[in-house]
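Visitor: sequence-free structure coming up:
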């Protein structure tokens, strides 16, 4: 039995459809991220799960109990928001203690719990400070400690890191994952940041226009996207022309590989190829030239301009192709160099983005 289940959820705001037949099942102790562009419905889904919004159709259940009509204050959820929502007139200790008081936890037990929350969130030296005396990252840790202090059935996080700078955001992201694993609380995390989602999730649900396009572990989502939208939304991808072979494979940049959809003989299509799946070979007769190089530490992103021909042999405008190469392996390349673009030898499958049967 799933710890959290949303089934057939639909929600509209006037003529605008926010969710359409949205369903997801989350296991006990799992951290699931809902990810997608602005307006895709991810925050609406979280608000319906929390009880702040009522669905037009569908059901919400926790541990098999239908809570669709249960008010927010009786759902026993912990919530952390982007704006912290701390009480400005209370210290860190008092903010964390607030929910415990509301749950009528005995005083001795409250002190023990608050002390433990301060320790596991590394806030002992901030215990007697007020919110205005702390940094953004510290305030967000207070909000997190307050949310988990009451041992909620489910923890809901609504873009809790988006207001923080990059370094603090990365550190606190890892802290949230560590705490979630230590406590074992079932968690739903809403974000528009794919790097954040891929880094901390057990599974990521990619949403578009109120629908769940795919939910899968991060690596599966990246390497085996269910459709062109997911392939294009997660990471960077090159759209490369391909031709169908007699055995159902696709001819892509000089190699025959399987696609997410089988090819028909001589079918023309477009496939998605990740930048790290591209190899560049120096060649005086190469069909491409290096246009730009961006050093990113261990990896260098190389942009090449590749000439194309249509089905009748006429030249089309050049296509930009991104290739991510190990920096140690591309010292021989310079802007303007002619190169041959090919698919790496270890690539066996591509995503079909366009084609008669895609």
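Guide: Arrived safely. Keep in mind that this is a model prediction, so the values were computed, not measured. Numbers count the residues shown, from 1 in each chain.

Visitor: So which residues of the stretch 201-350 of the chain form helices?
Guide: 218-223, 228-233 (DSSP state H, counting those that start in this stretch).

Visitor: In CSV: those helices, plus mean pLDDT, mean neighbour count and distance to residue 103.
Guide: (Each C-beta comes from the backbone N, C-alpha and C, glycine too.) Converted to CSV, those look like this (pLDDT from 0 to 100; neighbours: other CB atoms under 10 Å; distance: least, CB to CB, whole Å):
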stretch, mean pLDDT, mean neighbour count, distance to residue 103
helix 218-223, 94, 16, 35
helix 228-233, 93, 20, 40
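
Visitor: Make a markdown table out of those helices and add distance to residue 264.
Guide: Conversion of these to a markdown table gives the following (distance: least, CB to CB, whole Å):
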| stretch | distance to residue 264 |
| --- | --- |
| helix 218-223 | 25 |
| helix 228-233 | 18 |
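
Visitor: Residue 328: which of these is closest?
Guide: Residue 328 lies closest to helix 218-223 among the helices of the stretch 201-350 of the chain, at 23.6 Å (CB to CB).

Visitor: who does the closest one touch, helix- and strand-wise?
Guide: Judged by 3 or more CB pairs under 8 Å, 6 or more residues apart in numbering; DSSP states H and E, the packing partners of helix 218-223 are helix 194-200, strand 203-208.

Visitor: Can you give the contact residues for the first one?
Guide: Identification of contacts with helix 194-200 by CB atoms under 8 Å, 6 or more residues apart in numbering yields 31, 33, 35, 161, 169, 173-174, 176-177, 180, 189, 191, 204, 218, 221-222, 233-235.

Visitor: Apply 7 Å and report the result again.
Guide: Residues from elsewhere that reach helix 194-200, judged by CB atoms under 7 Å, 6 or more residues apart in numbering: 31, 33, 35, 161, 173, 176, 177, 191, 204, 218, 222, 234.

Visitor: Pretty sure residue 17 sits against residue 56.
Guide: No - using CB atoms under 7 Å, residue 17 is not in contact with residue 56; the gap is 9.6 Å.

Visitor: Give me the distance from the lengthiest helix in the chain to the chain's centre.
Guide: Counting residues, the longest helix found in the chain (DSSP state H) is helix 166-183. Per CA atoms, centre = their mean, to the nearest Å, the displacement of helix 166-183 from the mean C-alpha position of its chain is 15 Å.

Visitor: got it, and stretch 103-116?
Guide: 35 Å.

Visitor: Also stretch 180-196?
Guide: Taking CA atoms, centre = their mean, one finds the center of stretch 180-196 at 10 Å from the center of the full chain.

Visitor: Show me what counts as buried in it.
Guide: 180, 185, 186, 187, 188, 189, 190, 191, 192, 194, 196 (16 or more other CB atoms under 10 Å).

Visitor: With secondary structure as extra columns, can I get those in a markdown table?
Guide: Listed next are those as a markdown table, based on DSSP: H, G, I helix; E, B strand; the rest coil:
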| residue | secondary structure |
| --- | --- |
| 180 | helix |
| 185 | coil |
| 186 | strand |
| 187 | strand |
| 188 | strand |
| 189 | strand |
| 190 | strand |
| 191 | strand |
| 192 | coil |
| 194 | helix |
| 196 | helix |
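
Visitor: which among those residues gets closest to residue 307?
Guide: Nearest member of the buried residues of stretch 180-196 to residue 307, counting by CB to CB, is residue 194, at 31.8 Å.

Visitor: Dump the buried residues of stretch 180-196 to JSON lines, plus pLDDT and distance to residue 22.
Guide: Shown next, in JSON lines, are the buried residues of stretch 180-196 (pLDDT from 0 to 100; distance: CB to CB, whole Å):
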{"residue": "180", "pLDDT": "88", "distance to residue 22": "23"}
{"residue": "185", "pLDDT": "91", "distance to residue 22": "23"}
{"residue": "186", "pLDDT": "94", "distance to residue 22": "18"}
{"residue": "187", "pLDDT": "94", "distance to residue 22": "18"}
{"residue": "188", "pLDDT": "96", "distance to residue 22": "13"}
{"residue": "189", "pLDDT": "94", "distance to residue 22": "17"}
{"residue": "190", "pLDDT": "93", "distance to residue 22": "13"}
{"residue": "191", "pLDDT": "91", "distance to residue 22": "17"}
{"residue": "192", "pLDDT": "88", "distance to residue 22": "17"}
{"residue": "194", "pLDDT": "91", "distance to residue 22": "20"}
{"residue": "196", "pLDDT": "90", "distance to residue 22": "21"}
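
Visitor: Show the low-confidence segments of this protein, by residue range.
Guide: In the prediction, the chain carries residues with pLDDT under 70 at positions 1, 163, 308-317, 355-358.

Visitor: domains for it, by residue range?
Guide: 4-232, 238-354 (automatic domain parsing).

Visitor: ranking those by burial, who's on top?
Guide: Among the domains of the chain, the stretch with the highest mean neighbour count (mean count of other CB atoms under 10 Å) is domain 4-232, at a mean of 18.

Visitor: Pull up the distance across that domain, start to finish.
Guide: 29 Å (CA to CA, to the nearest Å).

Visitor: For residue 118, pull up the helix or strand it's in.
Guide: helix 107-120 (DSSP states H and E).

Visitor: right, and the helices and strands packed on helix 218-223 - which one's nearest residue 40?
Guide: strand 203-208 (4.2 Å).

Visitor: Name the strands paired with the closest one and say parallel or antiparallel.
Guide: Next to strand 203-208 in the sheet, as set by DSSP bridges, lie strand 31-35 (parallel), strand 211-216 (antiparallel).
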